[in-house]
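Asker: Coordinates for the following, if possible.
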Amino acid sequence: MDQISAMRVFARVVEAGNFSRAADQLQMHKPSVTKLVQQLETHLKVRLLRRTTRHVTVTPEGAAYYERTKRVLIELDEIESDLTQERTNPRGCVRVDVGSSVANQILMPRLPGFYQRYPQVRLALGVSDRPVDLVGEAVDCVIRGGTMTDQSLVARRIAQMAFTTVASPAYLKRHGVPVGPQELLDGRHLMVSYFSAGTGRIVPAPYVRGDERFDITGQGVISVNESTAHLNAALAGLGLVQTFDPIVQPHIESGALVEVLADWAPPPMPFYVAYPPNRNVSGKLRVFVDWVVEVFEPYNAAPQAG
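Answerer: Predicted coordinates:
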């Protein structure tokens, strides 16, 4: 038995929650994963996992072994990284999860520049607006906006992204140009709402001017849970949309969208790149994170005073 390989497999089973998912993430056959864990238990003379037809749970001995194994594997990865050219010539796959509009409008156009610098790094880009289990889904890092609710993650702030409210010229021709958020409350205007893919709840759209604040939860005929669909709803003339300024600026410049309620701009939203604290910050992940910081630098809108 290759004990180091068995330790890695055991750790991944614990993190993934079952043998099948761990096998998929390791690109191994499930029987091979099962066999390595069984061999490790035989070698240690202790039961590490309890198995049922659907679930795997960790025994108290397995939990203690996992915590110590995790530290050993991280140290081994760091040693190997230091002894190779990974820092100057990173290679391998980085699994990233990012919201749809940010992926399509900000990251994708700049990826050729990343590959010019790091031709041997591959990206597996998961594009969605849903919450992601980084450990269970073997994701190396996520790029997200808003408050970081999971305090267990290592998070690096990369931007303060401003909001803009827009509508299509066709919509404004039919409904007129709003002069204040009150018109979103009394039915004079339609707003395309955004609801959380995790909770299903409408995310309030804040409008702030001085001491005045309105949180609009939707006065329209459609709501969506994906940011590219949110943008496309505005382009289709379905109503007003409040979204990130960098996403809509190209459409404002082309005339496809018109900015409205500019004096009711909400506070900018912080954006983070985050990764699990037990995930080894390999050379490939390090260079990707540093590149993301560069990409987002132009979007550091100054927070509003007062």
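
Asker: how about the helices of the stretch 151-300 of the chain, start to end?
Answerer: 169-175, 182-185, 227-235, 245-254, 283-296 (DSSP state H, counting those that start in this stretch).

Asker: Any chance of a markdown table for these, columns distance to Tyr275, mean pLDDT and mean neighbour count?
Answerer: Yep, even glycine has a C-beta here, placed from its N, CA and C like the rest. Converted to a markdown table, the helices of the stretch 151-300 of the chain look like this (distance: least, Cβ to Cβ, whole Å; pLDDT from 0 to 100; neighbours: other Cβ atoms under 10 Å):
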| stretch | distance to Tyr275 | mean pLDDT | mean neighbour count |
| --- | --- | --- | --- |
| helix 169-175 | 40 | 96 | 15 |
| helix 182-185 | 38 | 89 | 18 |
| helix 227-235 | 22 | 94 | 21 |
| helix 245-254 | 23 | 94 | 16 |
| helix 283-296 | 7 | 92 | 19 |
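
Asker: which helix in the chain runs the most residues?
Answerer: If you go by DSSP state H, the chain has its longest helix at helix 60-83.

Asker: Pull the residues that contact it.
Answerer: 4, 7-8, 10-11, 14, 44, 46-49, 58, 87, 278, 280, 282-283 (Cβ atoms under 8 Å, 6 or more residues apart in numbering).

Asker: that older thread, in TSV, list the helices of the stretch 151-300 of the chain along with distance to Arg130.
Answerer: Shown next, in TSV, are the helices of the stretch 151-300 of the chain (distance: least, Cβ to Cβ, whole Å):
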stretch	distance to Arg130
helix 169-175	28
helix 182-185	27
helix 227-235	11
helix 245-254	18
helix 283-296	20
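
Asker: ok, back up a step: please list only the buried members of the contacts of helix 60-83.
Answerer: 7-8, 10-11, 14, 48-49, 58, 280, 282-283 (16 or more other Cβ atoms under 10 Å).

Asker: about what we covered before: could you check the angle the longest helix of the chain makes with helix 283-296?
Answerer: 80 degrees (axes from the mean of the first three to the mean of the last three Cα atoms, to 10 degrees).

Asker: in helix 60-83, what's buried?
Answerer: Those buried within helix 60-83 under the rule 16+ other Cβ under 10 Å are 62, 65-66, 69-70, 73, 77, 81.

Asker: Cheers, nothing more for now.
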